[in-house]
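K.L.:
Sequence and computational prediction follow.
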Amino acid sequence: MSSVVYWLLWVLTRVVGRILLGYRVEGTVPRRGGVLIAANHASYADIPLLGCGVPRRAWYLGRSDLFVPGVKGLLQWLGWIPLKLGRLDRRAFDRAVGLIQEGNVVVIFPEGGRTLTGQLREAKPGLGMIVAQTGCPVVPAYLKGTYEVLPPGSTQPRRHPVTVRFGEPMTFGRPTDGGDTKQFYRHVSRAVMERIAALGEVEPPGHGPTAGARHAE
């Protein structure tokens, strides 16, 4: 039943997005096998607008404090994986790893929260941890226009064109025995964020005049 509701919402969001936002999708996601999609995060509109560009059902890692209990249960039923901030949430990451190992699509926003400026921020280590445990391909994605549709602090969506760009899958394998796992996490995070920046034709994290002024919410 949750799959039926998921796909009904998928179609509804895509139709509304095309009519009101000129919604477009560039690139694609592998049709089979476990995949991790890593995307920039600029707006609460990111999950639905990214999701309706993925031709497969997906599960989404997201902050656990965003919704009231009743809504949380519904969203978990539909595919939201609540992620506790401020510490390593092994339960959430184990859930994501298990889904990928079963051949599913999981979406992560590696910056760990929305940008307040629209610029990319450094990735958290969770992205590299999932790759290290699964060896799965990572599909980088850039959401263009969602910051303008619903920027942080805004409660009223605005009409603005939105494009979701998917890049080619990136493969990293797994850390070698005896290797530096933290270094592996950093390598994966840096490489993926640079590819996301290239898709959006924007500065990667740590570059540009305001690189030190980025914040998350």
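P.N.:
Good, I have the coordinates.
K.L.:
Now do the residue nearest to A39 when sequence neighbours are not counted, the pLDDT please.
P.N.:
Leaving out its chain neighbours, the residue that sits closest to A39 by Cβ to Cβ, 6 or more residues apart in numbering is A141, at 4.0 Å. C-beta: built from backbone N, CA, C; applies to glycine. Per-residue confidence (pLDDT) for A141: 98.
K.L.:
Report all helices and strands that the host helix or strand of A141 contacts.
P.N.:
Following DSSP states H and E, one finds A141 within strand 138-144. Contact partners of strand 138-144 among helices and strands, from 3 or more Cβ pairs under 8 Å, 6 or more residues apart in numbering; DSSP states H and E: strand 35-39, helix 46-51, strand 163-166, helix 181-200.
K.L.:
So which of those is the most surrounded?
P.N.:
Mean neighbour count, computed with mean count of other Cβ atoms under 10 Å, is highest for strand 35-39 among the helices and strands packed on strand 138-144, reaching a mean of 25.
K.L.:
other SSEs contacting that one?
P.N.:
Strand 35-39 sits against helix 46-51, helix 90-101, strand 105-108, helix 126-134, strand 138-144, helix 181-200, with contacts defined as 3+ Cβ pairs under 8 Å, 6+ apart.
K.L.:
repeat that for 10 Å
P.N.:
Applying 3 or more Cβ pairs under 10 Å, 6 or more residues apart in numbering; DSSP states H and E, one finds that strand 35-39 contacts helix 46-51, strand 58-63, helix 90-101, strand 105-108, helix 126-134, strand 138-144, strand 163-166, helix 181-200.
K.L.:
relative to helix 90-101, how tilted is that strand?
P.N.:
Per axes from the mean of the first three to the mean of the last three Cα atoms, to 10 degrees, the angle that strand 35-39 makes with helix 90-101 is 120 degrees.
K.L.:
How about the contacts made by Q101?
P.N.:
Contact analysis of Q101 by Cβ atoms under 10 Å, 6 or more residues apart in numbering lists G34, Q133, T134, G135, C136.
K.L.:
How about G128?
P.N.:
110, 138, 172, 175, 181-192.
K.L.:
The same query, at a cut-off of 6 Å, please.
P.N.:
Contact analysis of G128 by Cβ atoms under 6 Å, 6 or more residues apart in numbering lists F184, Y185, V188, S189.
K.L.:
Could you report the separation of it from R31?
P.N.:
25 Å (Cβ to Cβ, to the nearest Å).
K.L.:
got it, and G167?
P.N.:
On the measure of Cβ to Cβ, G167 and R31 end up 16 Å apart.
K.L.:
More neighbours: the two, which one.
P.N.:
The neighbour count for G167 versus R31, taken as other Cβ atoms under 10 Å, is higher for G167 (18 against 8).
K.L.:
ok, the more buried one to P175 distance?
P.N.:
Noted for G167: a distance of 23 Å to P175, by Cβ to Cβ.
K.L.:
go on, N104?
P.N.:
On the measure of Cβ to Cβ, N104 and P175 end up 23 Å apart.
K.L.:
Those two: who's more crowded?
P.N.:
The residue with more neighbours, out of N104 and P175, is P175; 20 against 17, by other Cβ under 10 Å.
K.L.:
For that one, which three-state class applies?
P.N.:
Recorded secondary structure, P175: coil (DSSP: H, G, I helix; E, B strand; the rest coil).
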